[in-house]
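S.K.: I would like to see how this sequence folds:
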Amino acid sequence: MKIKEVDAEFGSGSGQINPSEAVHPGLVYDINMSSYIRFLCKEGYNSTTISLLIGGKKKYKCSNFKPAQGIDGLNYPSMHAQLKSARSKISAVFYRTLTNVGYGNNSVYRATVTSPKDLSIKVVPNSLKFNRTHQKQSFEVFVEGGSMQNGTQILSALLEWSDSKHIVRSPIIIYKPSE
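M.R.: Sure thing, here's the model as predicted:
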């Protein structure tokens with residue numbers, strides 16, 4: 001699949017879906033309504049705008065929700081951070097939780113990161129052990145690097161969790177604002 005350079009990583013996602021494997025993904029990034037509300041609160045939305053977005057007559061107060069963690073505050077497969085300027089050093093922390101939806105017990109997933117030399121990425125812990133179905137395990141992704149003053153617009157990396165039967169991919173994108 002050829003991607004226009006202007007779209008870069010934003011045009012490709014996590015890869016092509018294989019319908020037979022999608023039925024049994026092994027792990028999922030589970031998310032619920034309160035996670036979306038925490039994310040909206042982190043983005044600066046107030047109770048009025050959140051209620052309009054969600055619908056219904058219920059008012060949602062951000063003070064009633066635990067603050068969202070990390071640079072994006074959302075438990076989502078892709079991770080992205082926009083720098084404040086081209087001179088900003090790259091520093092981001094992403095907090096994620098995976099849920100085991102695989103068949104059996106005692107599965108171990110190991111993290112593999114592919115990244116350009118300009119990015120230092122550390123996954124903690126770098127292996128997750130699941131003892132039962134629907135068990136949740138959390139991890140953190142630390143991304144560090146220099147500034148993007150050399151004309152680079154986007155840096156992309158890939159985090160893959162694998163237990164040798166399943167591969168769960170998460171793109172990591174760092175980009176600078178248009179100047």
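S.K.: and for Lys176, the neighbour number?
M.R.: Counted with other Cβ atoms under 10 Å, the neighbours of Lys176 add up to 21. (Each C-beta comes from the backbone N, C-alpha and C, glycine too.)
S.K.: strands along the chain, start to end?
M.R.: 27-28, 79-82, 90-100, 107-114, 119-124, 127-130, 136-145, 154-162, 167-175 (DSSP state E).
S.K.: quick check: angle from the lengthiest helix in the chain to strand 90-100?
M.R.: In the chain, ranked by residue count with DSSP state H as the criterion, the top helix is helix 33-42. Orientation check (axes from the mean of the first three to the mean of the last three Cα atoms, to 10 degrees): helix 33-42 against strand 90-100 gives 170 degrees.
S.K.: show the contacting residues for the residue in the chain sticking out farthest from the centre.
M.R.: Going by Cα atoms, centre = their mean, the residue of the chain most distant from its centre is Lys57, 30.9 Å out. For Lys57, the contacting residues are Ser51, by Cβ atoms under 8 Å, 6 or more residues apart in numbering.
S.K.: tell me the spacing between it and Leu27.
M.R.: Distance, Lys57 to Leu27, by Cβ to Cβ, to the nearest Å: 36 Å.
S.K.: Asn106: neighbour count?
M.R.: Asn106 is flanked by 8 other residues according to other Cβ under 10 Å.
S.K.: so how far is Ser51 from it?
M.R.: Relative to Ser51, Asn106 is positioned 44 Å away (Cβ to Cβ).
S.K.: could you list every residue that touches the nearest residue to Leu119 once chain neighbours are set aside?
M.R.: Excluding its sequence neighbours, the residue lying closest to Leu119 (Cβ to Cβ, 6 or more residues apart in numbering) is Gly145, at 4.7 Å. If you count contacts by Cβ under 8 Å, 6+ apart, Gly145 has them with 89-90, 118-120, 155, 174.
S.K.: check Asp30 too.
M.R.: Shown in contact with Asp30 (Cβ under 8 Å, 6+ apart): 75, 97-99, 136.
S.K.: most neighbours, which of those?
M.R.: Asn75 (25 neighbours).
S.K.: tell me if I'm right that that one and Arg96 touch.
M.R.: Yes - contact criterion Cβ atoms under 8 Å: Asn75 and Arg96 qualify, at 5.8 Å.
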